[in-house]
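>>> okay, predicted coordinates and the sequence, questions at the end:
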Amino acid sequence: MSEQREPIGVIGAGWVGLVTAACFAELGHPVIARDIVAEKVEALSRGEVAIHEPGLEDLLRRNAERLTFTTEMGELLDGARLLFVCVDTPPTYSGDADLSRVRAVVQELPEDGEHVLIMKSTVPAGTGESIRRDMPGLSYVSCPEFLKEGTAVADFMDPDRVVIGADAGDDDAADAVAALYRPLGGEILRTDVASAEMIKLASNAFLATKISFINEIANVCEEVGADVGQVAKGMGLDERIGSSFLRAGIGYGGSCFPKDVSALKMLAGNTGYHFQLLTAVIEVNELQKRRVVGKLEKHLGSLIGKRVALLGLAFKPDTDDMREASSLVLAARLQGEGAEVVAYDPVASERAAELLGSVEMATSAMEALEGADAAVLVTEWGEFAELDWAAAAERMTRPLLVDGRNYLDPKALADAGFEYEGIGQTVSAPRPATAT
Ligand code: UDX
């Protein structure tokens with residue numbers, strides 16, 4: 001008989017909570033996940049998952065006998081000592097992180113010296129200290145998540161590093177959390193709580209800075225006739241720089257980068273420090289989405305009455321997450337210029353339709369391209385690389401493509417009859433003779 005693994009409690013069965021619950025169950029732990037939304041708990045108990053995350057549904061199904069979903073905090077507290085808090089901390093109107101859900105959860109926890117609160121939610125540095133001050137009898141460990149949507153299960157199972165922050169008196173609790181992650185390999189870094197909180201915010205802000213930096217380089221490349229793909233490759237070969245997160249495009253989105261960059265900027269601002277660099281990172285990202293409109297106008301002139309097809313709506317491929325997706329800003333800007341917008345996404349169409357009421361939704365890429373004056377590749381879904389672009393060119397009123405992710409091969413698109421415009425590339429195929 002294999003020994004019984006430490007039971008795990010997960011509070012908040014959203015994206016982070018579910019991935020955490022499923023992965024710990026896969027590692028052999030009994031897991032109780034609690035969410036306040038009864039319908040969600042019922043659906044999860046039936047094995048239904050409302051979010052698109054590769055591998056997650058399989059993992060939940062495979063480990064169903066080790067997973068319990070409940071709305072009751074009492075059941076969670078009875079069943080597990082180690083409690084991962086995975087509720088969301090969305091931005092408020094002031095740009096700070098909204099901690100109301102975190103606070104509501106913390107108030108339900110006992111100061112019994114037994115239960116351990118493990119904070120996975122992204123919170124401003126200083127949050128852990130203030131919770132410990134209010135509840136000195138509660139053990140507190142900060143364990144930020146670094147999972148990427150679309151590869152979250154793989155990221156959990158093979159982490160670059162696991163950061164575990166604990167202050168004086170909570171060493172045993174931190175040891176218990178470290179023991180949970182040890183089988184996964186990856187460096188386990190022990191810090192104080194405030195530093196762990198800062199590592200999470202600083203990591204996301206740095207990655208966002210890399211993206212805004214390469215996007216600005218891309219914009220300069222367009223001016224001087226250089227190719228940002230080659231520039232990024234050449235930069236990335238310097239191991240001090242590294243090659244990741246240097247893909248130029250129409251900006252970052254998602255549930256983390258926009259929120260965390262803003263939260264760090266505001267956290268600094270609240271202490272009286274002006275984090276100038278992040279102000280620029282945010283502004284570059286905002287403007288980057290809008291540059292697409294200028295690129296379309298360069299070819300089409302006024303966009304009034306022009307039909308523009310958006311290919312991909314989710315903030316990145318392999319997810320149906322529409323939070324802070326560049327497509328939302330782009331659709332609104334195009335409509336603002338008088339364009340008629342039609343859109344297609346392989347999995348996010350349903351969620352997107354709720355947010356993009358006046359945008360026509362197509363059920364396939366080809367349907368979206370039918371009769372369009374231009375297309376914009378917004379999200380680099382694999383199926384767009386497989387599309388029969390020559391057939392698409394035939395069906396469009398004007399075969400013009402702005403590749404917002406530099407995803408497709410410009411030469412192949414030109415051969416298929418397209419005028420092609422990327423981000424930070426000089427390649428723009430001559431307008432084919434057949435175009436009107
Ligand atoms: C991010 C962090 O990577 C993860 O560690 C954190 O815990 C949560 O936030 P995620 O939001 O899932 O993960 O997506 P990520 O893959 O990091 O991409 C974020 C955005 O940046 C996407 O819109 C993506 O298209 C964009 N991006 C990424 C670029 O524009 N260029 C790049 O080179 C990389």
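Sure, I can see it. Numbering: from 1, shown residues only.
>>> can you count the residues close to the residue nearest to Asp373 when sequence neighbours are not counted?
Among residues not flanking Asp373 along the chain, Lys306 sits closest, at 4.3 Å (CB to CB, 6 or more residues apart in numbering). Every residue, glycine included, has its C-beta placed from N, CA and C. Applying other CB atoms under 10 Å, we find 22 residues neighbouring Lys306.
>>> show me what contacts Lys306?
296, 300, 338-340, 373-374 (CB atoms under 8 Å, 6 or more residues apart in numbering).
>>> ok, now which ones touch the closest residue to Leu246 other than its chain neighbours?
Nearest in space to Leu246, with sequence neighbours left out and distances taken as CB to CB, 6+ apart, is Ala232 at 4.0 Å. By CB under 8 Å, 6+ apart, the residues touching Ala232 are 214, 217, 243, 246-248.
>>> so what does Ala232 have for phi and psi?
phi -60, psi -40 (degrees, to the nearest 10).
>>> tell me how far it lies from Trp15.
The gap separating Ala232 from Trp15 is 29 Å, by CB to CB, to the nearest Å.
>>> likewise for Ala152?
7 Å.
>>> just Ser142 next, same as before
19 Å.
>>> neighbour-wise, which of those two wins?
Ser142 (31 against 23).
>>> which residues of the stretch 201-350 of the chain fall in helices?
Assigned by DSSP state H, counting those that start in this stretch, the helices in the stretch 201-350 of the chain fall at 228-236, 257-270, 276-300, 326-336, 349-355.
>>> of the ones you listed, which is nearest the ligand?
The ligand lies closest, by CB to the nearest ligand atom, to one member of the helices of the stretch 201-350 of the chain: helix 257-270, at 5.2 Å.
>>> buried stuff in the closest one?
For helix 257-270, a neighbour-count test (16 or more other CB atoms under 10 Å) marks 257-269 as buried.
>>> assign the nearest residue to Leu117 once chain neighbours are set aside to helix, strand or coil.
Nearest in space to Leu117, with sequence neighbours left out and distances taken as CB to CB, 6+ apart, is Tyr140 at 5.2 Å. What DSSP: H, G, I helix; E, B strand; the rest coil gives for Tyr140 is strand.
>>> was I right to think Tyr140 contacts Glu111?
No. Contact between Tyr140 and Glu111 fails when scored by CB atoms under 8 Å: they sit 10.8 Å apart.
>>> of those two, who's got more company?
More crowded of Tyr140 and Glu111, by other CB under 10 Å: Tyr140, with 26 against 12.
>>> for that one, give me its contacts.
Tyr140 touches 116-117, 119, 128, 131-132, 166-167, 170, 173, 193, counting by CB under 8 Å, 6+ apart.
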